[in-house]
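1. Could you work out the structure for the sequence below:
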Amino acid sequence: MNLTTKYMGLVLKNPIVASASPLSESVGGIRRLEEAGAAAVVLFSLFEEQLQLEATALEQHLEEGTESFAEALTYFPKVGDYRVGPEQYLELLHQASQQVQIPIIGSLNGISSKGWIEYARKRQDAGAQGIELNLYYIPTDPKMSALAVEKHKVEVVQAVKAAVTVPVAVKLSPYFTSMASLARKLKRAGADALVLFNRFYQPDFDIEELTVSPTLHLSTAEEIRLPLCWIAILRGQLRISLAATTGVETSAEVVKYLLAGADVVMTTSALLRHGPGHIATLLSGLQQWMEAKEYKSVKQMRGAMSQKNVADPAAFERANYIKILEKYKQEYSLKA
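-> Okay, the predicted model is just below:
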């Protein structure tokens with residue numbers, strides 16, 4: 001059975017990729033992911049703020065003018081919160097690339113191209129076989145239009161692509177007016193892959209301490225539906241690699257994402273819950289399903305349930321929408 005796949009030009013032994021997480025914060029951790037069967041590893045993210053800290057007293061600037069609103073300070077990380085600086089990150093990347101056989105993809109998390117170009121080059125020189133741009137940005141300025149938000153992201157991709165020769169993936173959130181249009185713009189800007197989707201971490205308030213409480217809940221299989229939908233829509237419309245992320249708990253989610261059209265399936269939450277060895281469980285389940293359904297390769301099954309096989313995708317989506325509502329009403333009336 002042929003499990004190989006191709007992701008942004010990289011030939012991988014199977015479609016399971018360990019996405020950015022604390023599991024990749026050491027060479028030993030990356031080795032364990034490789035031994036468990038991961039076809040590639042996305043190194044944990046380096047944040048734009050960390051790059052700025054190398055050259056400026058960012059913490060001082062963040063605190064200026066906030067003395068009378070102590071609770072506002074909790075929105076920003078302290079300098080000590082960053083456990084690994086840019087130089088340590090590059091050293092880890094270099095060592096890992098020398099000691100493992102699978103591709104290592106560097107991850108940059110930020111909102112601008114300033115500083116990214118230099119460090120994208122340095123990552124490439126350190127041994128990264130690809131760069132993942134995690135464009136996590138919440139536009140809070142009411143004067144900033146949707147078009148301006150998209151233009152900004154396109155410009156970041158163009159700048160980074162001009163600086164490196166390794167492939168570049170773009171990790172996006174799902175909150176755009178026209179996802180298909182933005183995907184097309186990013187492809188034209190040079191993006192080699194899209195990673196769908198970034199999770200939107202929403203803070204909570206501690207009303208006793210008047211502080212912001214960052215909360216993180218590991219993803220569950222219920223969260224698969226939105227990225228599943230958009231991967232199925234984009235597969236066949238754009239000649240670009242697609243990576244699925246979020247909600248991968250069992251091999252069933254791996255199968256669904258591949259049928260929708262994903263080239264690779266990324267996972268973190270399941271590995272944090274069950275350990276790196278869970279990758280072998282995902283691969284075993286995938287192989288068993290393929291054998292039962294008589295699929296000989298991942299290439300054969302990829303996109304089998306995507307929209308590209310539908311004559312009128314818009315009508316298909318509308319029909320599914322109506323079908324879901326009608327089914328719910330029917331079930332509700334039976335209970336009543």
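
2. where's K187 relative to D125, distance?
-> The gap separating K187 from D125 is 26 Å, by C-beta to C-beta, to the nearest Å. C-beta: built from backbone N, CA, C; applies to glycine.

3. neighbour count winner among these two?
-> Between K187 and D125, K187 has the larger neighbour count (other C-beta atoms under 10 Å), namely 19 against 12.

4. surely the more buried one meets I240?
-> Yes - counting by C-beta atoms under 8 Å, I240 is a contact partner of K187 at 4.9 Å.

5. Quick check: neighbours of the longest strand anywhere in the chain in the sheet, parallel or antiparallel?
-> Looking across the chain with DSSP state E, the single longest strand is strand 40-47. Sheet pairing of strand 40-47 (DSSP bridges) gives strand 16-18 (parallel), strand 104-109 (parallel).

6. Contacts for the following helix or strand past the shortest one next, please.
-> To tie it back to what came earlier, the one meant is strand 16-18. Following strand 16-18 in sequence order, the next helix or strand is helix 27-36 (DSSP states H and E). For helix 27-36, the external contacting residues (C-beta atoms under 8 Å, 6 or more residues apart in numbering) are 18, 22-24, 41, 43, 92, 95-96, 99-102, 104, 271, 276-280.

7. Got a quick PyMOL command for the buried subset of the residues you listed?
-> Under the burial definition 16 or more other C-beta atoms under 10 Å, those of those that qualify are selected in PyMOL by:
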select buried, resi 18+23+24+41+43+92+96+100+102+104+271+276+278+279
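
8. can you give me the strands in the stretch 101-250 of the chain?
-> Counting by DSSP state E, counting those that start in this stretch, the stretch 101-250 of the chain has these strands, from start to end: 104-109, 130-134, 168-172, 193-196, 204-206, 211-213, 241-244.

9. and the angle from the longest one to helix 27-36?
-> Right, strand 104-109. In terms of direction (axes from the mean of the first three to the mean of the last three C-alpha atoms, to 10 degrees), strand 104-109 departs from helix 27-36 by 120 degrees.

10. Going by neighbour count, list what's buried in strand 104-109.
-> For strand 104-109, by 16+ other C-beta under 10 Å, it's 104-109.

11. Report the rounded mean pLDDT for it.
-> For strand 104-109, mean pLDDT is 90.

12. how far does it sit from the chain's center?
-> Centre-to-centre, strand 104-109 and its host chain are 10 Å apart (C-alpha atoms, centre = their mean, to the nearest Å).

13. one step back: same question for the longest strand of the chain, mean pLDDT?
-> Strand 40-47 comes out at a mean pLDDT of 86.

14. got the angle between that strand and strand 130-134?
-> Per the same axes, to 10 degrees, the angle that strand 40-47 makes with strand 130-134 is 50 degrees.

15. mind listing what Q202 touches?
-> Applying C-beta under 8 Å, 6+ apart, we find Q202 in contact with T215.

16. rerun at 6 Å
-> Q202 sits next to no residue when contact means C-beta atoms under 6 Å, 6 or more residues apart in numbering.

17. any idea how far P227 is from D141?
-> D141 is 27 Å from P227, by C-beta to C-beta.

18. out of these two, which sits in the busier spot?
-> More crowded of D141 and P227, by other C-beta under 10 Å: P227, with 25 against 8.

19. for this structure, what spans make up the helices?
-> In the chain, the helices defined using DSSP state H lie at 27-36, 48-55, 58-63, 86-99, 116-126, 146-163, 179-189, 225-234, 251-260, 269-274, 278-292, 298-301, 313-335.

20. Would you mind finding the most buried of the ones you listed?
-> Mean neighbour count (mean count of other C-beta atoms under 10 Å) peaks for helix 251-260 among the helices of the chain, with a mean of 22.
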